[in-house]
Every structure is written in C-alpha cells, then in structure tokens.
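Q: The following block contains a protein sequence and its predicted model.
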Amino acid sequence: MKLRSFGLYFTSFFFLAFAAHGQTPSTSTATSGSRHDERTSSISGTVFDPEGRAAAGARVTLLYAMTQLEVRETNSQGQFQFESLLPGTYQIVATLPSFSDVTSEVDLSRGEKQVADIHLKLSAVQEKIVVSASPGGALTTQTGSSLSVVSAEEIENRGAQAALDVMRGLPGVEINQSGGRGALTSAFVRGGNSNYNLVLVDGIPMNDFGGGFDLSPLPAEGVQQVEIIRGPESAIYGSNAVSSTINIETIRGDGSPHFSFLGEGGSLSTWRVATTGAGLTDNFSWAYSLSRLQTRGQIQNDGYRDQPSTVSLGYSRSPRRQFNVHFFGYAGSLGLPGPWGSNPDGLFPGRDPSTHQNQNLFAYQANYTEQFSSHFQQVTTVSVATDRFSFISPIEGNSFTNNLRIAASTRSEIAVSSKDTLVAGFEYDRDSYKDTFVDNATGAPFTLARNSYAFFAENRWNPSDRWFITAGVRVDDIQTASLPTLPPIPANSIAKASPRISATYLARRSDGDGFFGETRLHGSFGTGFRPPDGFELAFTNNPNLKPEESISFDGGVEQRMARDRAILDVTYFYNHFKDQIVTTGDLPTNFDSENIGKSRADGLETSIRLRPVSSLEFSGSYTWMNTSILALDGFTTPVFPFAVGEPLLRRPRNAAGFNATWTKKRLMLNMNGTIRGAVLDVEPNDGTFACTLLDSMGNPLHCLFRNHGYELMNAGFAYRLPKGVEIYGRLNNFLNQKYEEAFGFPSLRLNFMAGFKVELPSGGRHSD
C-alpha cells in the first residue's frame, strides 16, 4: 500500500484546512493585527500548601483541550504566570511532592488578566501529566488506560540505584533479573512476553531489533518520573508496544540553578557516586545527571560497573516556539559466571572465570514545537538510538550484537474546541541489526535492515464534565530487506492497522461530606503487534514468519475515600496473544521457528494508596493472574515441552508489592517490599533444549521446573543535617532470603548501603 504518500497527503490536508480557517503561521503571528490583539490575556496566581504558606518550586502545567501547552515552576513566593494567551477554557495542574495535585478550570476572555490561586490539600490522589499515555501527554484521571507513575520523590525515598528497583511490585508487572546488580533484566507485564514492552527514555524508542530490551541500564538518578502503561499502545507507537509501554522521564531545567552530589558504599565492595543539576537562565534550560556504580558481585567474575548519564537542553525565544535536545548514555561491563545456582539436570559446567559483557547504549533526540495558536501546534521529532554488545570469552570466542534505530515523526495537535483535540501525524523508523551468529552464505555477519512508514491519528473528547474518551488508530507499513542467508530470504512488506479506545466516566462526584468520595470508572481496548527479530528470521531461516499480535481489554473502578486520603482501584484485564513464535530443535544448530502459539492471560489488579496524615504515605498492590497456552499447531517438528493448558513461563499467579514512607521534620523512614508466588521456569543452562538431551541412563532430561516464590523486603532512612547535607542508609533483603528471581541465578542476599548527599543551594526534601 502507498502508506507514505497517503500519510504525507493527510498531513498536508490538515495544514491546508487550517490555513483556510486562519490558523497557519501567517495568520496567527504578526500579519494580523486583530489576532495579535487577542494574545493579551494571561493567567497568574499563587500555589499554597495546606497550611496556607506559599509553595515554592511547585510544578504548574497549563492545558487546553486536555493537551499540555506550557509548564512553569513557582518562584520563592509560590507565584506563576502564563502570558500571551488566546481566549478559551484552560485547565491548571499544580504538582508538589507530598501533597495532592489540584486542578481548576479557567474561562479566559479577550484581554483578561485572571488570577487563579491554587490551594493544595493533603490527599492520596496523585494527578500527573503522563507523557507516554497520549501524544502531547494526558492527565492521569482523564485517561482510561491502566497506568502507574513512580515519582522522583519515591525513587529517592527507596534509595533506588536503577529504575527497575521501583518497577518491582507494581500492578501487573513482573520484573525478572538473572542475578545481582547489572544482570539481564526482563519485564513480563500482564502475561506478555519479555519482548512485548516498548521502552522509551524521554520519548526516544530504545528497543532492539524485534522488540527485546535489557532493563538494567535504565537509570534512577536524574529521573523525574517512571511511567508504565499496561495494555497495548501500538495505536500510538506501532510495533513492540504489545503489552506495555515503559517511559523514563528525566529532569528538566526549571527555576534557578541547583545541584546535588552523593556518594555511597556498602556490601560486596559496592560504591556509587552521582551528581545532578538543572536550571533555567533567560531562554535557555538545562539539566544533567551523571553517576558511576561499581560492585565486586557475589562470586568470582560477578562484578559489575556502569556509568549512565542524561542531558536535557532547551531553548525558547517565546513560550510558543521551543527547541529541545535530549541525550541518554550508558556504558557498562558485567561478568558472566553462568547460572551457578539451581542445577537440577547437572548440566552446569562450572563457573566461568573470565567471560564478560560490555554494553554501550546511546540515545539522542531533537524536538521542535511550533505553537501557532492555542488551537494548533506542530511537533517534529528526530531520534537515534544505538545498543552495542560485545562478549569477550577466551573459552568460546568473542562475539558482538549491534542495534541501530532512527525515528523521525511530525504531528499536528489541533484543538477542535475546548473539549475536543485531534492529533494526526506521520512517522518513519529505520531499524538495523548485526550479530556474529547471524551470517550470510559465506559465513560473514551482515546487516539486517527494516523500514517502517506509519500514519496515526487520535481524538481526545470530553463531551461532558464526567466523560473523557480517547480513540485512535495507526497504520504501519513495515518493510524488511532481503537476507543473504543460505538459502536467501526475499524482502517482504506487511501492513498492520492498530486501533485503540479508552474511556473514563465519573460515576459519582464528591460533595466533601461522607466517607466515600469520587467514583471513577475506566476501561480500554486495543491491539498490539511485534515483527520477528533477527534471530527468528535469519538464524532459523524462516521467511514466512508473521508478526505476533495481541488483543486486549480492561475495565476497572477507582474509589476515593476519607476525603481523598485513601484511593482504591480494582481492574480486570484480558489479553489474547496469537501467532506467537516458538523456536525448537536440537543443540547446537538445528533450530526451527514457527507462528504456532496462541495464549491468554487474564486477572485482577488491585492497588491502594493511603495518606492518613501528612507524615505517612502508603501504597500497595496485589495481582492475581491466570495464564494458559491455548494452541500449538502447524509446526513441522515436535514442540515438546510446550503443551496446551500449561501456564506461561515466569508469570506468577500471585504477586504483591508495597511502599511505606514516614517523615518527621528532618527524619525519613522507608520500607518497601515485593512478594512473588511460584512460577514455571526453564532449565538454566540449555533452556527448553535440555528436553532434547539424555541422562546417563538414556532417559530424556526435564527442562521445566517449579521456581519457588520469595519475599524481598528493604528498609532505609535519611536524616537531613544543616547546610543541605543529608546522610542515609538502607538494608536490602533484610530477611536474608535465598531466592532466584530467574531459575539458576541467585539474587543478592542481605546487603547494605550508606552514604551522604549534598544539595546546592542548601535545602532538602523535608521541612521542619
């Protein structure tokens, strides 16, 4: 299909249509005196905390038609101001750690200068702008998607060293790490495979060719918030967003220049240093983070070191015209001693004393936003991400894997009215993959390339003050180049249409009296897909593989209680996965991959958040999930050990998590934990291929085993000294549990970290 021509035609059509209505740059800038005169309205105000004091450093966001327009940070007197606004109905969202985020609507007339003060109150409700939920961002209470947002404050309270530390225990999310710090880390969300998650850093797509991604490099330092949307998002992002979207939002330059420095050390010769900084000077914003971690590990050749960094730069001559640049870099080295834990089949050859992995992960993005009016803005983005692995093994020889992804997109955000926003755009993606073990007919590695051309559109509609409806669709034309394998695989092209709809309904408004407050119903339906990766296509030499697909829906109810000091959410979800790719065969080279699999996952996600008093905050979740293989058919060789009716690997039926923080003047105490039930797992050395081997008596070996559940409990404290100095410490796995998150790979036993942090200018998270 001629998707590229259609997408360009559609974008041009919208531009010309708005030109006819006086919304082009020429009619919305200096050429029209009447239009210029309309831009004299403004909104200003002061944000107050629950005790009536001005709240300095609060983040204030201005929205029009449910789309983010501008962001400000309150000054030392708690004041904010938005200028040069057109008439219309705006919404203001104020956020401040430890307090609820309050929204209010402001009807602005031509030339009006309106004052809108915001009074924060103690609440468990967290209003957040979730950047990855919709093009242009979306308010948490206005989206029907199931999502979790972890704030920078929670990341700091938990003493997280990597983003994965705060993902454990979230509803529907199973984090699986193959050992200690830095080891391969996967996420299984709502029963989906580990390569069913789209991973973004500041909106930059990070997935390797075919969807896989190791979560261990994702940083915790310099992170503003971690967003996880559960359910397919291919209607927005295309391939790989099959069961979830994970986005890491880093800090931005706001307010006067400020910096932080920390140093910590602990068990296993572990140490970490880090620094962050941010500021806004005239029209130039800047922010950075840089850290270095090193540890000896639990045994010989289990050491790890990393150095992640982020940079965000922005320039704006006016609030209507913004240019931003983002950078994320990671360089790490990890020892690979092998699966030295459980060894039920006796296949472990012994600890590898020298094999290790080096990884270099870099991502760059340039973003330009031109806001022609309060009703129309154009956003253009270009990003590049590279992920390069090298494996150094004196025993088996050296190898490498290189991934490159280039993405370019432009979208129009059109406010049809103050209650309706249409977003439409075009995106181009270029993926390439090269691996030592994927070679051509002469035995030399080659570069496998894939191009994707996509058109997408989404409409966000607020028909009444109780309804919020979002509907969207994306059409992808994915072209994979020919493969010079033996025999060669010809080039192919596939087209996929991915629809999605979500809705929120406020079934009950709160009148401020009584125990039960606002009741919000939410639900979503969507589809997702993932094209085959390089191993599945080239190493097993199957040119007929189709993309894996998902169909998903969920529905739930969110109930606020005790004047918003408690909030409970219960959500049912159902995922149906089809055309799943299964690879079988005999070691070392007889592999075959086919689209034979169908499976499902359904369950209940329950979460609660409490804020009974200002000094105490508690959040917890429990997930019950049932997974099952539905079909195995069409395969040319046996698919043992897979069987219809069996649960999916590494998906627990029961899982829970909690986080509790208590603050009193200068002291902060935190306790968090993850509880996971038993799972079905694979033999750690040869995986499912162990079932093709025989023991000394000539009997087939087993390859599927029960991996026991565990309780991981952590606790820590922080105490703020004068002059912006803070000391802290934490105990990880203080129950000293012996467990394996991934079967055969022992996780860390009891360990501790202690350190200090300095903030310049002096200040801290607590107030006396």
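A: That came through fine.
Q: which phi and psi does residue 160 have?
A: The phi and psi values for residue 160, taken as degrees, to the nearest 10, are phi -70, psi 140.
Q: What score does it have for pLDDT?
A: Residue 160 is assigned a predicted lDDT (pLDDT) of 95.
Q: again, but for residue 22
A: pLDDT, residue 22: 37.
Q: What is the burial count for residue 221?
A: Counted with other C-beta atoms under 10 Å, the neighbours of residue 221 add up to 25. Placement of C-beta: from N, CA and C, glycine included.
Q: and it, what does it touch?
A: Applying C-beta atoms under 8 Å, 6 or more residues apart in numbering to residue 221 gives the contacts 274, 276, 289, 290, 291, 308.
Q: those helices in the stretch 451-600 of the chain, which residues are they?
A: For the stretch 451-600 of the chain, the helices defined by DSSP state H, counting those that start in this stretch cover 534.
Q: actually the chain, not the one I wrote
A: Counting by DSSP state H, the chain has helices at residues 3-20, 25-28, 33-38, 152-157, 164-167, 234-237, 534.
Q: between these, which gets the lowest average pLDDT?
A: Among the helices of the chain, helix 25-28 carries the lowest mean pLDDT (a mean of 34).
Q: out of the contacts of residue 221, what pair is the most spread apart?
A: 276 and 308 (11.7 Å; C-beta to C-beta).
Q: So these two - more neighbours on which side?
A: Ranked by neighbour count (other C-beta under 10 Å), residue 276 and residue 308 place residue 308 first, with 24 against 21.
Q: quick revisit: so what sits against both of residue 276 and residue 308?
A: By C-beta under 8 Å, 6+ apart, the residues touching both residue 276 and residue 308 are 221, 289, 290.
Q: The second one: neighbouring residues, count only.
A: Okay, so that is residue 289. 23.
Q: Then the last one?
A: Neighbours of residue 290 under the rule other C-beta under 10 Å: 18.
Q: Was I right to think it contacts residue 309?
A: Yes. Using C-beta atoms under 8 Å, residue 290 is in contact with residue 309, at 4.6 Å.
Q: Name the helix or strand of the protein that has the lowest mean pLDDT.
A: For the chain, counting by mean pLDDT, DSSP states H and E, helix 25-28 ranks last in confidence among helices and strands (a mean of 34).
Q: hey, where'd the strands end up in the stretch 501-650 of the chain?
A: Along the stretch 501-650 of the chain, counting by DSSP state E, counting those that start in this stretch, strands occupy 516-530, 548-561, 566-586, 590-613, 616-632.
Q: gap between the first one and the chain center?
A: Put plainly, it is strand 516-530. With C-alpha atoms, centre = their mean, to the nearest Å as the basis, strand 516-530 stands 18 Å off its chain's centre.
Q: What of the longest one?
A: Remark: strand 590-613 is offset 16 Å from the chain centroid, using C-alpha atoms, centre = their mean.
Q: what are the C-alpha coordinates of that strand, in CSV please?
A: Written as CSV, here are the backbone C-alpha positions of strand 590-613 (Å, rounded to 0.1, in the frame of the first residue of the first chain):
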residue,chain,number,x,y,z
ASN,A,590,19.2,-27.4,14.3
PHE,A,591,16.6,-24.7,15.1
ASP,A,592,13.2,-24.0,13.7
SER,A,593,10.8,-21.1,14.4
GLU,A,594,7.1,-21.0,13.5
ASN,A,595,4.0,-19.0,14.2
ILE,A,596,2.2,-21.7,16.2
GLY,A,597,1.4,-20.2,19.5
LYS,A,598,-1.8,-18.8,21.0
SER,A,599,-2.1,-17.9,24.6
ARG,A,600,-4.1,-15.8,27.0
ALA,A,601,-3.6,-14.0,30.3
ASP,A,602,-6.4,-12.6,32.5
GLY,A,603,-6.6,-11.4,36.0
LEU,A,604,-7.3,-8.8,38.6
GLU,A,605,-5.1,-5.8,39.6
THR,A,606,-5.8,-4.2,43.0
SER,A,607,-3.9,-1.1,44.2
ILE,A,608,-4.4,1.2,47.2
ARG,A,609,-2.8,4.4,48.2
LEU,A,610,-3.2,6.0,51.7
ARG,A,611,-2.2,9.4,53.1
PRO,A,612,-3.9,9.4,56.6
VAL,A,613,-1.6,12.1,57.9
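Q: Count residues in the vicinity of residue 257, would you?
A: Using other C-beta under 10 Å, residue 257 has 13 neighbouring residues.
Q: now swap in residue 758 and tell me
A: For residue 758, using other C-beta under 10 Å, the count is 16.
Q: now residue 546
A: 14.
Q: and of the shared contacts of residue 276 and residue 308, the nearest to residue 269?
A: Nearest member of the shared contacts of residue 276 and residue 308 to residue 269, counting by C-beta to C-beta, is residue 221, at 20.3 Å.
Q: so residue 320 touches residue 84, yeah?
A: Yes. Counting by C-beta under 8 Å, residue 84 is a contact partner of residue 320 at 7.4 Å.
Q: The two: which is more packed in?
A: residue 320 (19 against 15).
Q: any chance of the strands of the stretch 501-650 of the chain in CSV, with mean neighbour count too?
A: CSV is the format used below for those (neighbours: other C-beta atoms under 10 Å):
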stretch, mean neighbour count
strand 516-530, 21
strand 548-561, 21
strand 566-586, 19
strand 590-613, 19
strand 616-632, 19
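Q: among those strands, which is nearest residue 757?
A: Smallest distance to residue 757 across the strands of the stretch 501-650 of the chain (C-beta to C-beta): 20.4 Å, for strand 616-632.
Q: partner strands of the closest one, parallel or antiparallel?
A: Sheet pairing for strand 616-632, assigned by DSSP bridges, gives strand 590-613 (antiparallel), strand 654-664 (antiparallel).
Q: Make JSON lines from those and add distance to residue 407 to it.
A: As requested, the strands paired with strand 616-632 are exported to JSON lines (distance: least, C-beta to C-beta, whole Å):
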{"stretch": "strand 590-613", "distance to residue 407": "27"}
{"stretch": "strand 654-664", "distance to residue 407": "33"}
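Q: of all these, which lies closest to residue 342?
A: Comparing the strands paired with strand 616-632 by C-beta to C-beta, strand 654-664 comes nearest, at 20.5 Å.
Q: average pLDDT for that closest one?
A: 97.
Q: so how far is it off the chain centroid?
A: 21 Å.
Q: Just the CA atoms of that strand, as CSV, please.
A: Below are the C-alpha coordinates for strand 654-664, written out as CSV (Å, rounded to 0.1, in the frame of the first residue of the first chain):
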residue,chain,number,x,y,z
ASN,A,654,0.1,-14.2,42.8
ALA,A,655,2.2,-11.1,43.2
ALA,A,656,2.2,-8.1,45.5
GLY,A,657,4.2,-5.1,46.5
PHE,A,658,4.1,-2.1,48.9
ASN,A,659,6.0,1.1,49.7
ALA,A,660,5.6,3.0,53.0
THR,A,661,7.3,6.3,53.9
TRP,A,662,7.2,8.2,57.2
THR,A,663,8.7,11.6,57.7
LYS,A,664,9.1,13.7,60.8
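Q: How about the contacts made by the residue lying closest to residue 488 once chain neighbours are set aside?
A: Spatial nearest neighbour of residue 488, chain neighbours left out: residue 482 (6.5 Å); criterion: C-beta to C-beta, 6 or more residues apart in numbering. Residues in contact with residue 482, defined by C-beta under 8 Å, 6+ apart, are 488, 489, 490, 491.
Q: if you skip the residues just before and after it, what's nearest to the last one?
A: Nearest in space to residue 491, with sequence neighbours left out and distances taken as C-beta to C-beta, 6+ apart, is residue 482 at 4.3 Å.
Q: Relative to residue 246, how far out is that neighbour?
A: 33 Å (C-beta to C-beta, to the nearest Å).
Q: cool, and residue 711?
A: The gap separating residue 711 from residue 246 is 25 Å, by C-beta to C-beta.
Q: Repeat that for residue 283.
A: Distance, residue 283 to residue 246, by C-beta to C-beta: 32 Å.
Q: How about residue 57?
A: For residue 57, the distance to residue 246 (C-beta to C-beta) stands at 27 Å.
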